[in-house]
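Q: Got a predicted structure plus its sequence, pasted below:
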Amino acid sequence: MRYRTRVTAPAAALLGTAAALAVAPTASARPLTAKPDQGTPGAETLGDSVYPALGNDGYRVEAYHLDFSYDATTRLVDAKATLRIKATQDLSRFSLDALGLDVRTVKVGGVAATFEQAGEKLRVTPARSLPKSCAVAVCVEYGADPARTLAYTAWVPTPDGFAICPQPNAAHTVFPCNDHPTDKADFSFRITVPNTLRGVANGSLTRTEQLDGDRTAYTYCSADPIATELVQITVGDYVVKERQGPHGLGLRDVVPTARAAALEPALALTPGLVDWLEQRLGAYPFETYGLLPCNNDAANAFDFTGLETQTLTLYKPNFLLQAESKIGSHMMHELVHSYFGNSVSPANWADLWLNEGHADFYGLLYRYERGWADSLGLTTMEARMKDTYARGDQWRQSSGPVAAPNAVNLFDSQRYLGGVLVLYALRELVGEDVFNRIERTFLERYRNRAATTADYIAVATEISGADQSGFLNDWLYGTRTPRMPNHPDWTVTPVVSSLVAPRNRAPGHYPDSTATL
């Protein structure tokens, strides 16, 4: 099948047991026989400019297997996370990101390790140091309460279970991990639930087991690596609805059983959305796609309308009950994230404009092609960009340049519509054909990897045949809005100082800033 370009073994063979992830040095690796005092601790950061505490160095994660068991009576989760890591240095100690998890045991290579939980880090000291290039299994057994009150959390409790919303920095409230999009890894999942419920995760269902005690275990495996912020694990009274997409792509939606019929008109839109986007960006990059209308319409369930997780987009169900003209543009926005954000992830959270700018760009194009007015009553991309251009200096003062956010303003409109304005300016400069080749080349070159803003600029320079660094750096990092190519009459509204007060926002939570709503 055209979409499954990377063969992945069944989950049981890949990661299903501790034995499958036992100490497994590569052919060139030194064996795990170093003295206990060799090596140095790995750094407890990957140096992200927006979230400097996220991620850990000294190793990279090659694969995760998450084994969750949900108790519907206590509403608690009993979990085991098995990671296959590869040391990038002689490693005496390493850390994982973890918050709000009740860790019981940690084993490295099947041997008990010393551990401590300090802030948002789980520090692990193996019985023997890990030599550079050694690949080894790390198994963490723990418990979790989806309803636990934390400073921020990925858990979304529902009346019959939970879903998770890890973006941008909360996956480690669900499982111990190297919680940064640069460290993508293979993922498999085993979710055990009462027979009355369904367990769902990213990727494809590879096994269903009927267990004693009226319980069922569902195993899923992803054909492509996943960034931790894109993981999805859902438990509840859901039905899985399958349908055919373009070119043999299998689509699956995970829908609250009681609302399946009411949601069908929205779900039926997906094949047409995929077809439209494939004509512009190429083949859909994963093995499946679908929507997950989370079984919770509470206003405070989560702070957004939709959220991309790899192969599944999370939505509030009530949003999808509206007419196509009210939801189609935003459904396209979330689908675009399969390309920009999921297949190609941001190498630094300051590169978020690559995700959100592209998602809004194509979401708005889709809207205007259909003649649907946007929230301002505008019906063309040119009219919307003229309006956005006028706001340019104001946004640069209140939210920073497009590619220079901080944790407070990361999800402001500057990363969304401001990002669209940058892409529009580039298209005006180089022309539509060259712009389209830049987009496809960037996606092909960085598929299943993380990319920086500099990487995008380099591709734009290569494909256009002219150095675009000055032009794009001015648009992305300048404190003043540059002139718009082909539109010398466009003007920027002077900054009003009373409008630039910073906003306080809890980490990991953000309102809808997209223009596609």
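A: Everything's here; your move. Residues are numbered from 1 along each chain as shown.
Q: Give me the neighbour count for Ala223.
A: If you count neighbours by other CB atoms under 10 Å, Ala223 ends up with 18. All C-beta spots, glycine's among them, are computed from the backbone N, C-alpha and C.
Q: distance of it from Leu312?
A: Distance, Ala223 to Leu312, using CB to CB, to the nearest Å: 14 Å.
Q: before we move on, what about Asn448?
A: 18 Å.
Q: Comparing these two, which residue is more hemmed in?
A: A direct count of neighbours by other CB under 10 Å for Asn448 and Leu312 places Leu312 higher, at 24 against 16.
Q: Would you mind measuring from that one to Glu334?
A: Using CB to CB, we find Leu312 at a distance of 10 Å from Glu334.
Q: And for Arg104?
A: 37 Å.
Q: ok, which stretches of the stretch 251-400 of the chain are helices?
A: 260-267, 270-281, 324-336, 352-369, 381-390, 392-399 (DSSP state H, counting those that start in this stretch).
Q: Show the contacting residues for the residue most central in space within the chain.
A: Closest to where the C-alpha atoms of the chain average out (CA atoms, centre = their mean) is Leu230, at 3.2 Å. By CB atoms under 8 Å, 6 or more residues apart in numbering, Leu230 lies in contact with 166-167, 181, 202, 308-310, 341-342, 345.
Q: Which one of those is nearest to Ser69?
A: When the contacts of Leu230 are compared for distance to Ser69 (CB to CB), Asn202 wins out at 18.4 Å.
Q: Go ahead and confirm the closest one touches Pro225.
A: No. Contact criterion CB atoms under 8 Å: Asn202 and Pro225 do not qualify, at 10.8 Å.
Q: Overlap in contacts, the two.
A: Between them, Asn202 and Pro225 have Phe187 as joint contacts when contacts are counted by CB under 8 Å, 6+ apart.
Q: Looking at the two now, which is surrounded by more residues?
A: Neighbours per residue (other CB under 10 Å) separate Asn202 from Pro225, with Asn202 holding more: 26 against 21.
Q: What spatial separation is found between the more buried one and Pro159?
A: Distance check for Asn202 against Pro159: by CB to CB, it reads 23 Å.
Q: can I get the helices of the stretch 251-400 of the chain in TSV with mean pLDDT, mean neighbour count and distance to Ala298?
A: Written out in TSV, the entries for those read as follows (pLDDT from 0 to 100; neighbours: other CB atoms under 10 Å; distance: least, CB to CB, whole Å):
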stretch	mean pLDDT	mean neighbour count	distance to Ala298
helix 260-267	98	16	17
helix 270-281	98	17	25
helix 324-336	98	22	20
helix 352-369	98	24	25
helix 381-390	98	18	32
helix 392-399	97	21	29
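Q: so which of these comes closest to Gln89?
A: Across the helices of the stretch 251-400 of the chain, the minimum distance to Gln89, taken as CB to CB, is reached by helix 352-369, at 29.4 Å.
Q: which helices and strands sit right next to the closest one?
A: helix 270-281, helix 324-336, strand 344-346, helix 381-390, helix 413-430, helix 453-464 (3 or more CB pairs under 8 Å, 6 or more residues apart in numbering; DSSP states H and E).
Q: okay, the ones you listed in JSON lines with distance to Phe94 next?
A: As requested, those are arranged in JSON lines below (distance: least, CB to CB, whole Å):
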{"stretch": "helix 270-281", "distance to Phe94": "38"}
{"stretch": "helix 324-336", "distance to Phe94": "35"}
{"stretch": "strand 344-346", "distance to Phe94": "22"}
{"stretch": "helix 381-390", "distance to Phe94": "45"}
{"stretch": "helix 413-430", "distance to Phe94": "32"}
{"stretch": "helix 453-464", "distance to Phe94": "28"}
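Q: Between these, which one is closest to Val235.
A: Distance to Val235, taken as CB to CB, is lowest for helix 324-336 among the helices and strands packed on helix 352-369, at 21.8 Å.
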